[in-house]
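Chemist: Next one to model:
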Amino acid sequence: MPFPTRAVRSRAVGLLGALTAVVATWTVAAPVAQADDMRSRQWYLEAMKADELWKVATGKGVTVAVLDNGVDSSMAELRGKVLPGRDFYNDKGGDGLANGEDTSPHGTNMALAIAGTGANGGVRGIAPDARILPLKVADAVGSYGLVGYAGRAIRYAADNGAKVINISMAGVESDEDIAKWQKAVDYALAKDVLIFAGSGNDGDGGPLYPAATPGVVAVGALDTKGKIAKFSSYGPHLALAAPGVDAPGRCSKNKSEYCAFEGTSHASAIASGTAALIWSAHPDWTANQVLRVMLETAGHNGPVPSKYIGYGSVRPAQVLLEGKGNPGDPDVNPLLAARASRSPAPSAPRTSPSPGKTGTSGTSPATGPGTPGKTESAAGPEESGLPLRAVAVSAVAVVAVLGVVVAAAVRRRTSTDA
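Modeler: Numbers count the residues shown, from 1 in each chain. Modelled structure (predicted):
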């Protein structure tokens, strides 16, 4: 049967966080086998040399916490992969699963991008043997006071075996809530945990949280040509970029079908899965060392750090297949060190950017939008994170039918789809 897809991107608009969803529907011109079609749609797996990577590491032994609106563990690609987790959003509590719930599959799709097995021709994650710890911190479209739920969830994840935390949500915060994010992040960092978060889908330079929290690895989205996506929010806090366009996942209306999504949500999930992949190959490394090699081997075609792509696109093949990247000091967080020094280490070659290694404070004042480092001004919105090579998204012809849906819900919180 045909493989219907629908691309969905949610964006925060202005300080009020009005929600805008852009929906495009593609119809496949000819029937194709789902398994073959799914792999062609996951264009980034080929670009990242996934088949070769999986001969070296698969994410086994690493647990990734997904802070979202729950994960449906009954999906074929996630069976046996998902721990019970915990619900921090609803008063009744319970687990972090979304099995049988009539809600957005956002959290489920993040789990698929990270650790899907590809069973029954479905989505395969970049770290297919990683485990998922689902922590519910929002409903279908977001929540007010997110940090109140997510702060507790971050601590729970750090205390219950998660090595990586993925937060595919972003929003504008008050000074009080920014401080709460920082305390939760500092707690996780002290427990040797990495936190990745989508930078947001506003396409501007306003700081969104938790991505802008010092210590969080903020991730921007790349398109199928390896260029920064137009919707990807940016700023001096950007650390990395990852594929975030035309990423398949379960549809909202019919979860037995797959849709194509775009957003920094998927980019963050792929970066989280990449960290799990590298960590499974080097279980003796600390979080700081895993992050440092990710930054050092990131792909870029201009000076870094850049407010659009950070240190560049995630390239696990450089680490796992080529043995590149120096893990360095196990006790120094490279992003916090770079933040303290406000520029890359003078000796760092441009082809292998390495943040400075002095200073460890996670509470230093935020830098302005135009001052992440001495080379930042050379960055432009058209720059790319190379060598994510251009890959055909599908082997079949498609016809695009674009529709736009605008929901002007005046909210302080943005969509869960960061």
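Chemist: buried stuff in the host helix or strand of residue 151?
Modeler: If you go by DSSP states H and E, residue 151 is part of helix 146-159. Going by neighbour count (16 or more other Cβ atoms under 10 Å), the buried part of helix 146-159 is 146, 147, 149, 150, 151, 153, 154, 156, 157, 158. C-beta here means a position set from N, CA and C on the backbone, and glycine is covered the same way.
Chemist: right, and the second one touches residue 182 too?
Modeler: No: with contact defined as Cβ atoms under 8 Å, residue 147 does not count as touching residue 182 (9.8 Å).
Chemist: how many neighbours does residue 303 have?
Modeler: By other Cβ atoms under 10 Å, 17 other residues sit near residue 303.
Chemist: swap in residue 301?
Modeler: Neighbour number of residue 301 under other Cβ under 10 Å is 15.
Chemist: And for residue 190?
Modeler: 11.
Chemist: What separation do you get for it and residue 176?
Modeler: Distance of residue 190 to residue 176, computed by Cβ to Cβ, to the nearest Å: 22 Å.
Chemist: Could you do residue 261 as well?
Modeler: Taking Cβ to Cβ, one finds residue 261 at 32 Å from residue 176.
Chemist: Neighbour count for the two, which is higher?
Modeler: residue 261 (27 against 8).
Chemist: what sits opposite the more buried one in the beta ladder?
Modeler: residue 8, residue 247 (DSSP bridges).
Chemist: ok, it touching residue 243?
Modeler: No: here residue 261 lies out of contact with residue 243, judged by Cβ under 8 Å, at a distance of 11.2 Å.
Chemist: just checking, residue 308 touches residue 233?
Modeler: No: using Cβ under 8 Å, residue 308 and residue 233 do not qualify as a contacting pair, with a distance of 9.8 Å.
Chemist: low pLDDT regions in the stretch 101-250 of the chain?
Modeler: Counting by pLDDT under 70, the low-confidence segments of the stretch 101-250 of the chain come to 140-144.
Chemist: so where do the strands sit in it?
Modeler: 131-136, 164-167, 194-198, 217-222, 238-243, 247-250 (DSSP state E, counting those that start in this stretch).
Chemist: if you go through the chain in chain order, where are the helices?
Modeler: Ranges of helices within the chain are 34-41, 43-47, 50-53, 106-115, 146-159, 175-190, 264-281, 287-296, 316-320, 334-341, based on DSSP state H.
Chemist: Which one of the buried residues of helix 146-159 is nearest to residue 274?
Modeler: residue 157 (18.1 Å; Cβ to Cβ).
Chemist: Against residue 188, how distant is that closest one?
Modeler: Counting by Cβ to Cβ, the gap from residue 157 to residue 188 is 7 Å.
Chemist: Give me the common contacts of these two.
Modeler: Taking Cβ atoms under 8 Å, 6 or more residues apart in numbering as the criterion, residue 157 and residue 188 both touch residue 165.
Chemist: how big is the angle separating the helix holding residue 151 from helix 175-190?
Modeler: 10 degrees (axes from the mean of the first three to the mean of the last three Cα atoms, to 10 degrees).
Chemist: distance between helix 146-159 and the chain's centre?
Modeler: Its chain's C-alpha centre and that of helix 146-159 lie 17 Å apart, by Cα atoms, centre = their mean, to the nearest Å.
Chemist: repeat for stretch 245-257
Modeler: Remark: stretch 245-257 is offset 17 Å from the chain centroid, using Cα atoms, centre = their mean.
Chemist: can you tell me the distance between the two ends of it?
Modeler: 18 Å (Cα to Cα, to the nearest Å).
Chemist: Report pLDDT for the nearest residue to residue 120 once chain neighbours are set aside.
Modeler: Spatial nearest neighbour of residue 120, chain neighbours left out: residue 76 (4.3 Å); criterion: Cβ to Cβ, 6 or more residues apart in numbering. Predicted confidence (pLDDT) for residue 76: 96.
Chemist: just use 834 as the starting number from now, easier for me
Modeler: Will do, 834 is the new start, and the previous item becomes residue 909.
Chemist: give me the number of residues near residue 909?
Modeler: 13.
Chemist: Assess the claim that it and residue 955 are in contact.
Modeler: Yes: assessed by Cβ under 8 Å, residue 909 is found in contact with residue 955 at 5.6 Å.
Chemist: got a pLDDT number for residue 1214?
Modeler: Value listed for residue 1214 in the pLDDT field: 47.
Chemist: residues touching residue 980, list them.
Modeler: With Cβ under 8 Å, 6+ apart, residue 980 has these contacts: 1006, 1010, 1013, 1014, 1017, 1042, 1043.
Chemist: ok, back up a step: now render the helices of the chain as a markdown table, adding distance to residue 1035.
Modeler: A markdown table is the format used below for these (distance: least, Cβ to Cβ, whole Å):
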| stretch | distance to residue 1035 |
| --- | --- |
| helix 867-874 | 26 |
| helix 876-880 | 23 |
| helix 883-886 | 30 |
| helix 939-948 | 18 |
| helix 979-992 | 16 |
| helix 1008-1023 | 17 |
| helix 1097-1114 | 10 |
| helix 1120-1129 | 24 |
| helix 1149-1153 | 28 |
| helix 1167-1174 | 22 |
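Chemist: hey, which of those is tucked in deepest?
Modeler: helix 939-948 (a mean of 32; mean count of other Cβ atoms under 10 Å).
Chemist: how far off strand 1071-1076 does that one point, in degrees?
Modeler: Per the same axes, to 10 degrees, the angle that helix 939-948 makes with strand 1071-1076 is 90 degrees.
Chemist: by contact count, what packs against helix 939-948?
Modeler: On a contact count with 3 or more Cβ pairs under 8 Å, 6 or more residues apart in numbering; DSSP states H and E, helix 939-948 meets strand 896-901, strand 964-969, strand 1080-1083, helix 1097-1114.
Chemist: what would these look like in a markdown table with distance to residue 1054?
Modeler: Shown next, in a markdown table, are those (distance: least, Cβ to Cβ, whole Å):
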| stretch | distance to residue 1054 |
| --- | --- |
| strand 896-901 | 17 |
| strand 964-969 | 21 |
| strand 1080-1083 | 9 |
| helix 1097-1114 | 4 |
